[in-house]
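# I'll drop the sequence and a predicted model, then ask my questions.
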Amino acid sequence: MFELNGKTALVTGGSRGIGRPIATTLAAAGARVVVHYGTSRAEAEAVVEQVRAGGRRADAASADLSDPDGPHRLAGRVRELVGDRPFATNVRGPFFLVQQLLPVLGEGSSVVFVSSLVARAAVPNLAAYAATKGAIGTLVVHLASQLGGRGIRVNAVAPGVIDTDMSSFAKTEQGRSFTPGMQSMQRIGQPDDVAVAVAFRASDAARWVTGDVVRADGGSKL
């Protein structure tokens with residue numbers, strides 16, 4: 001009767017009592033849920049696992065709200081989860097890693113980033129993550145331009161839905177039935193499908209390819 005796709009819900013006390021069904025109901029309606037807890041870590045993690053098993057997104061966040069600084073810490077954690085942390089992991093980290101490794105990246109070296117289908121196609125509930133993967137495409141172009149004179153190639157591979165431990169959606173009944181229908185290659189992608197694409201970009205066989213993002217997604221959302 002209602003949907004919360006694209007929204008993030010912070011449920012204080014979401015690990016037990018009334019908070020727990022509130023968290024799971026909001027998640028079932030499509031919201032990404034942040035399950036707050038004070039001391040009930042195990043219970044909060046159980047809620048998170050339950051939500052993820054249903055193909056939805058959830059994280060746990062701890063803070064003692066009776067402490068004067070508790071609300072501030074909780075708000076900081078929520079900001080980290082919904083924005084800063086994915087960007088730091090997916091964009092800032094790779095950028096500075098390449099920067100720090102430049103002294104050992106000689107002529108003929110290859111950098112291959114991992115982008116995602118969501119960088120070019122809308123997927124519910126993944127706006128923040130998609131923005132970080134879109135930034136990878138920009139990073140590829142600029143680094144390829146700057147490092148080409150040193151004989152260093154920079155590319156990216158963009159997977160679609162892949163059957164891994166991180167892809168809870170691919171493991172659900174809905175995911176297994178829906179995913180093949182949005183792809184020209186009608187099966188769930190496997191990690192090896194992406195690995196060979198990365199290996200090609202890293203090899204001398206792709207010596208004249210740089211500044212490119214190749215789709216390794218089975219023809220998703222063509």
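Noted; the coordinates are in hand. Numbers count the residues shown, from 1 in each chain.
# packing partners of the lowest-mean-pLDDT helix or strand in the chain?
Least confident element among the helices and strands of the chain, by mean pLDDT, DSSP states H and E: helix 85-87 (a mean of 77). For helix 85-87, the elements it packs on are helix 127-147, judged by 3 or more CB pairs under 8 Å, 6 or more residues apart in numbering; DSSP states H and E. All C-beta spots, glycine's among them, are computed from the backbone N, C-alpha and C.
# average pLDDT for the helix it packs on?
In this model, helix 127-147 has a mean pLDDT of 93.
# what's the answer for stretch 177-188, then?
Stretch 177-188 comes out at a mean pLDDT of 85.
# try stretch 107-120
So the average pLDDT for stretch 107-120 ends up being 94.
# any buried residues in that stretch, and which?
Using 16 or more other CB atoms under 10 Å as the test for burial, stretch 107-120 gives 109-113, 115-120.
# what ranges do the strands span in the protein?
8-11, 32-37, 58-62, 110-114, 153-159, 213-216 (DSSP state E).
# the third one pairs with which strands, parallel or anti?
Paired with strand 58-62 in the same sheet, following DSSP bridges, are strand 32-37 (parallel).
# tell me the domain boundaries of this protein?
Per the record, the chain has its domains at 8-62, 85-216, by automatic domain parsing.
# among those, which is the most enclosed?
domain 8-62 (a mean of 20; mean count of other CB atoms under 10 Å).
# how much space is there between the residue nearest the centre of the chain and Thr164?
The centroid of the chain falls nearest to Tyr129 when counting by CA atoms, centre = their mean (5.0 Å). Distance of Tyr129 to Thr164, computed by CB to CB, to the nearest Å: 15 Å.
# also Ile136?
For Ile136, the distance to Thr164 equals 18 Å [CB to CB].
# got it, and Val209?
The gap separating Val209 from Thr164 is 26 Å, by CB to CB.
# re earlier: out of the domains of the chain, flag the one nearest Pro71.
Across these, Pro71 has its closest neighbour in domain 8-62 (9.4 Å, CB to CB).
# any idea how far apart the tips of that closest one sit?
17 Å (CA to CA, to the nearest Å).
# now it, how far from the centre of its chain.
The chain centre lies 19 Å from the centre of domain 8-62; the measure is CA atoms, centre = their mean, to the nearest Å.
# farthest-apart pair in the buried residues of stretch 107-120, please.
Most distant of those, by CB to CB, are Ser109 and Val118, 28.1 Å apart.
# what's the closest non-adjacent residue to Gly19?
Computed as CB to CB, 6 or more residues apart in numbering, the closest residue to Gly19 that is not its neighbour in sequence is Gly13, at 3.9 Å.
# please apply the same query to Phe169.
Per CB to CB, 6+ apart, closest to Phe169 is Gly175, 4.1 Å.
# is it correct that that neighbour is in contact with Val161?
Yes - judged on CB atoms under 8 Å, Gly175 makes contact with Val161 at a distance of 7.1 Å.
# shared neighbours, those two?
167, 169, 188 (CB atoms under 8 Å, 6 or more residues apart in numbering).
# so which of the buried residues of stretch 107-120 comes closest to Phe2?
Val118 (24.3 Å).
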